[in-house]
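>>> Could you look at this predicted model? Sequence included:
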Amino acid sequence: MSNAPITHIDVAAFAADPYPILAEMRRDAPITYVPELKATLITRRDDIHREEKRVHVLSSLQPDGLMTQLMGENMMRKDGEAHMRERRALFPALSPRTVADHWKPMFENATTSILNTLKERKQFDVTTDFAMPVSAAALKAITGLSDMTHAEMDRVSQHMIDGCANYVGIPEITTRCYAATALIDTHIDRMSATPPPKSALAVMQTAGLPIDSIRANIKLVISGGQNEPRAAIAGTVWALLTHPEQLTMIRNGNASYRDAFAEYVRWISPIGMSPRVIAQDDRINGIDFHKGDRVFLMFSSAGRDAQYFEDADQFDITRDTSAAIPFGAGPHFCAGAAASRCLITQVALPMLFDALPDLNLNGPAPFTGWAFRGPTAVPVAR
Ligand code: HEM
């Protein structure tokens, strides 16, 4: 374990709202060992931004980690050429051009159908009735697993995420996670002979990746590609409804949905952290790290760093968010960033607010999580 100063946390309080605790860490002990998480947290934006690139020290290789055990060895748990080979294989499915030319019209069609069902309703929940199916429809298209239902996509994603965070080893969570990965394998087998063009399944087959890598990376895309857009869509809707003057700015053309999304993910990162393992003894900011130490890069904390963001706890779509790193800051930078920006800022948000201009919040939006964070419900009425 590193010799970083120790900070004890109440894990339940951290999940309820990590931001006050992260602010104390940035101020008093910006690199700190947290016994309850068995990890050293790096919390300042510049330290994360710099250290994430030193992959010979902060490695992603975690062959015994929960994610690898449960989902297979995907690109997010590899370094160097082994990582890049798989990333390059997936790229044609997620490139900005493929997103704009191929996926965007599909995102729009799916969102139109979902909005048609909501137009009839006086009340609904933005998280489960809009953000969830919109994200799932996008992910069905991108993965190529066209026979999955929206609810299945949401469920398998959640069960894999729960399994990967199940550090205390609760057996039911592990069982649910294996059931989720088995279901995904069934869908991969069903679609493998004729995968939809440009899908992740198709491009990884064309690149000649072994089937185990294809399976592991499809599971990675599902675990990373469902909850985060869902959280970002529902969260940004909630943020704009609770700051109506900022929604008016967008409606008047004085700001954009892209500004709102960028500010939301700075403010409340859907992915709060990315784990690394120390590959060789090293010293960071005067703190000794030893081979095998676990490190968490706290992207959520970077977005509130006072060195870059004035009044960082406030949601303000007019601010410069360019220093925020909600998609990461190294070779593992989110492979789905272009798809997410298109889905959320060009499709989901504008289509929702255009189709239903009279939306109002209709109750509290409870937020939860520190590794993954988002609203569990955003009730609205018209
Ligand atoms: C708002 C939405 C999203 C956010 C905030 C987000 C954030 C992130 C973050 C923080 C990482 C880790 C970066 C690092 O360790 O440096 C990541 C990795 C990744 N994301 Fe996303 N993500 C989002 C949506 C998506 C979507 C829609 C997909 C796929 C369709 C996706 C696919 C991936 C993949 C494959 C990786 C691993 C990349 C690698 O290891 O090279 N993400 N994402």
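Good, I have the coordinates.
>>> C-alpha only now, for contacts and for neighbours.
OK.
>>> Give me the residues contacting stretch 192-206.
Stretch 192-206 is contacted from outside by 86, 89-90, 92-94, 98, 141-144, 188, 214, 218, using C-alpha atoms under 8 Å, 6 or more residues apart in numbering.
>>> again, only using 6 Å
Ala89, Leu90, Ala93, Ile142, Thr143, Gly144 (C-alpha atoms under 6 Å, 6 or more residues apart in numbering).
>>> Kindly export that stretch (C-alpha atoms) in CSV.
Provided in CSV are the C-alpha atoms of stretch 192-206 (Å, rounded to 0.1, in the frame of the first residue of the first chain):
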residue,chain,number,x,y,z
SER,A,192,-22.6,-13.7,-35.5
ALA,A,193,-23.4,-15.2,-38.9
THR,A,194,-24.9,-11.9,-40.2
PRO,A,195,-24.0,-9.0,-37.9
PRO,A,196,-25.6,-5.7,-38.9
PRO,A,197,-23.2,-3.5,-41.0
LYS,A,198,-20.9,-1.1,-39.1
SER,A,199,-21.9,-2.7,-35.7
ALA,A,200,-19.3,-3.4,-33.1
LEU,A,201,-19.8,-7.1,-33.7
ALA,A,202,-19.3,-6.7,-37.4
VAL,A,203,-16.2,-4.5,-37.3
MET,A,204,-14.5,-6.7,-34.7
GLN,A,205,-15.1,-9.8,-36.7
THR,A,206,-13.7,-8.1,-39.8
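>>> filter the contacts of stretch 192-206 down to the ones close to the ligand.
Among those, no residue is within reach of the ligand (C-alpha under 6 Å from any ligand atom).
>>> The ligand: which of these is nearest?
Ile142 (6.4 Å; C-alpha to the nearest ligand atom).
>>> What's the local residue count around the closest one?
Ile142 is flanked by 29 other residues according to other C-alpha atoms under 10 Å.
>>> And Met148, which helix or strand is it part of?
Per DSSP states H and E, Met148 falls between elements, in no helix or strand.
>>> Leaving aside the residues adjacent along the chain, what's closest to it?
Of all residues beyond its chain neighbours, the one nearest Met148 is Lys140 (6.9 Å), with distances taken as C-alpha to C-alpha, 6 or more residues apart in numbering.
>>> which helices and strands sit right next to the helix or strand hosting that neighbour?
Lys140 is part of helix 132-143 when elements are defined by DSSP H and E. Where contact means 3 or more C-alpha pairs under 6 Å, 6 or more residues apart in numbering; DSSP states H and E, helix 132-143 is packed against helix 150-164, helix 200-206.
>>> Ile31 versus the most centrally placed residue in the chain, what's the distance?
Nearest to the geometric centre of the chain sits Glu228, at 3.7 Å (C-alpha atoms, centre = their mean). To Ile31, Glu228 is 26 Å away according to C-alpha to C-alpha, to the nearest Å.
>>> circling back to that earlier point, would you reformat the helices and strands packed on helix 132-143 as CSV and include distance to Ile287?
Below are those laid out as CSV (distance: least, C-alpha to C-alpha, whole Å):
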stretch, distance to Ile287
helix 150-164, 28
helix 200-206, 41
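>>> Close to the ligand: what parts of the chain are there?
Checking the chain against the ligand by C-alpha under 6 Å from any ligand atom, the hits are 75-76, 87, 220-221, 224-225, 228-229, 232, 270-271, 274, 326-330, 332-337, 339-340.
>>> Apply the buried test to those residues and list what passes.
75-76, 87, 220-221, 224-225, 228-229, 232, 270-271, 274, 326-330, 332, 334-337, 339-340 (16 or more other C-alpha atoms under 10 Å).
>>> Contact partners for Gln69?
Gln69 touches nothing, counting by C-alpha under 6 Å, 6+ apart.
>>> Packing partners of the lengthiest helix in the chain?
Counting by DSSP state H, the longest helix found in the chain is helix 171-191. Secondary-structure packing of helix 171-191 (3+ C-alpha pairs under 6 Å, 6+ apart): helix 150-164.
>>> The helix it packs on packs against which elements?
Short answer (3+ C-alpha pairs under 6 Å, 6+ apart): helix 150-164 packs on helix 132-143, helix 171-191.
>>> Just the CA atoms of stretch 327-336, as CSV, please.
Written as CSV, here are the backbone C-alpha positions of stretch 327-336 (Å, rounded to 0.1, in the frame of the first residue of the first chain):
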residue,chain,number,x,y,z
PHE,A,327,-14.4,10.8,-20.6
GLY,A,328,-10.9,10.2,-19.2
ALA,A,329,-7.6,11.8,-20.2
GLY,A,330,-5.3,9.0,-21.5
PRO,A,331,-5.2,6.1,-24.0
HIS,A,332,-8.4,4.7,-22.5
PHE,A,333,-10.3,7.9,-23.3
CYS,A,334,-14.0,6.8,-23.8
ALA,A,335,-14.3,5.1,-27.2
GLY,A,336,-18.0,6.0,-27.2
